Structures are given as C-alpha cells and as structure tokens.
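Visitor: just coords:
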C-alpha cells in the first residue's frame with residue numbers, strides 16, 4: 001500500500017536517511033573527492049538541520065511510504081527567488097528523491113504533482129529547480145512535465161565541481 005502525506009518534524013530521521021541514500025545512489029559515482037561527498041552528506045542530511053527546515057514557514061515537505069516503509073520525499077520552498085526569473089512570485093522545487101527500487105512506481109510524479117499544486121495554491125507564478133546536467137533521467141522527467149531550461153550554474157562539493165541546469169515552469173491557476 002502506498003501513502004504520500006505532508007511530512008512532520010518527527011519524519012526528519014526518515015528524510016535524512018532517504019536524502020543520504022538517494023543522493024548516494026544517484027551521484028556517488030561522479031565524485032573524485034569521497035571525503036567532500038561524505039562531508040556534504042553529513043552537513044546536508046543532518047537530522048537537526050532537517051528538523052529546523054521542516055519548521056520553516058516557507059518549506060513544505062511530503063514523504064512517501066510503501067507498505068509503511070519510507071521510500072521518497074519532496075521539498076518545496078515557497079517564495080524562493082531565482083536570478084534566472086524576473087519575478088519575486090516564484091517557488092523552488094528543491095528536492096524530489098525516491099529510492100531507486102521504487103522509481104518505477106511513479107512516486108516521483110505524484111510528489112511533483114502535489115508540489116506543483118501547493119505552489120499554485122500559494123500564488124506562485126512560476127516554479128524553478130536545479131538539476132545536474134548529466135542527470136538525463138531527471139532532465140527528461142522535467143521536460144515531459146513542461147519545465148524548460150532557463151540557465152546554467154555551477155555547484156562545488158568538496159573538490160568536485162558540477163554544472164547544473166536551472167529549469168522553470170509557469171503555473172497557471174485553474175478558474
């Protein structure tokens with residue numbers, strides 16, 4: 001049985017674990033600096049940090065379960081400006097992470113739909129995201145869902161440098 005619900009502070013441990021595992025599954029092979037990767041994982045997916053993030057007014061998290069096991073999560077950041085978009089009324093799709101063994105269940109698509117709906121409900125005109133330029137599966141997913149490339153930027157983790165695409169989508173309110 002599958003369930004997706006809004007995440008609570010008590011879910012921070014699940015989210016931290018899912019973040020570490022899914023990030024490692026997707027990107028570990030790209031790193032030459034394994035210490036830099038370890039430091040990034042420790043800093044980014046630290047339970048206390050996730051708890052604090054869950055409490056922020058502009059952050060909305062969802063968590064997905066299959067047979068009561070946590071298998072994925074998504075994070076929306078409301079009112080998150082982008083240097084690539086000339087509007088203050090935008091939100092950011094910060095994360096959609098699903099364990100590799102559950103990708104075929106289309107949980108990522110359902111998480112994205114909830115995220116887009118919430119952003120539109122909160123009045124966002126557009127939503128943007130960053131995606132690693134070599135992550136063709138994710139780029140294809142976003143393109144199929146009407147996101148367009150709006151720019152590029154770099155991101156350093158340890159001694160490794162990565163090129164990212166900024167992508168955005170217009171949100172239309174249904175009348």
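Guide: On my side now, so go ahead. This one's a predicted model, so the numbers in the text were calculated from it and none came from an experiment.
Visitor: When you work out contacts or count neighbours from here on, use the C-alpha atoms and nothing else.
Guide: Will do.
Visitor: Name the SS class of the residue most central in space within the chain, please.
Guide: Centroid-nearest residue in the chain, with CA atoms, centre = their mean: residue 95, separated by 0.6 Å. With DSSP: H, G, I helix; E, B strand; the rest coil as the basis, the three-state label of residue 95 is strand.
Visitor: show me the contacts for it.
Guide: 73, 74, 75, 76 (CA atoms under 8 Å, 6 or more residues apart in numbering).
Visitor: Now do the first one: how many residues are near it, please.
Guide: What that stands for is residue 73. 28 (other CA atoms under 10 Å).
Visitor: Quick check: nearest residue in space to it, chain neighbours excluded?
Guide: Nearest residue to residue 73, sequence neighbours excluded (CA to CA, 6 or more residues apart in numbering): residue 63, at 4.3 Å.
Visitor: Kindly provide the distance from that neighbour to residue 13.
Guide: Computed as CA to CA, to the nearest Å, the residue 63 to residue 13 distance reads 11 Å.
Visitor: which of these two has more neighbours?
Guide: Between residue 63 and residue 13, residue 63 has the larger neighbour count (other CA under 10 Å), namely 25 against 16.
Visitor: that's a strand at that one, yeah?
Guide: Yes - assessed with three-state DSSP, residue 63 lies in a strand.
Visitor: Surely it and residue 2 touch.
Guide: No - using CA atoms under 8 Å, residue 63 makes no contact with residue 2, being 10.8 Å away.
Visitor: still on that earlier bit, out of the contacts of residue 95, which is most surrounded?
Guide: The residue in the contacts of residue 95 with the most neighbours, by other CA under 10 Å, is residue 73 (28 neighbours).
Visitor: what about the helix or strand containing that residue, distance to the chain center?
Guide: Using DSSP states H and E, residue 73 maps to strand 69-77. The chain centroid and the centroid of strand 69-77 are separated by 8 Å, computed with CA atoms, centre = their mean, to the nearest Å.
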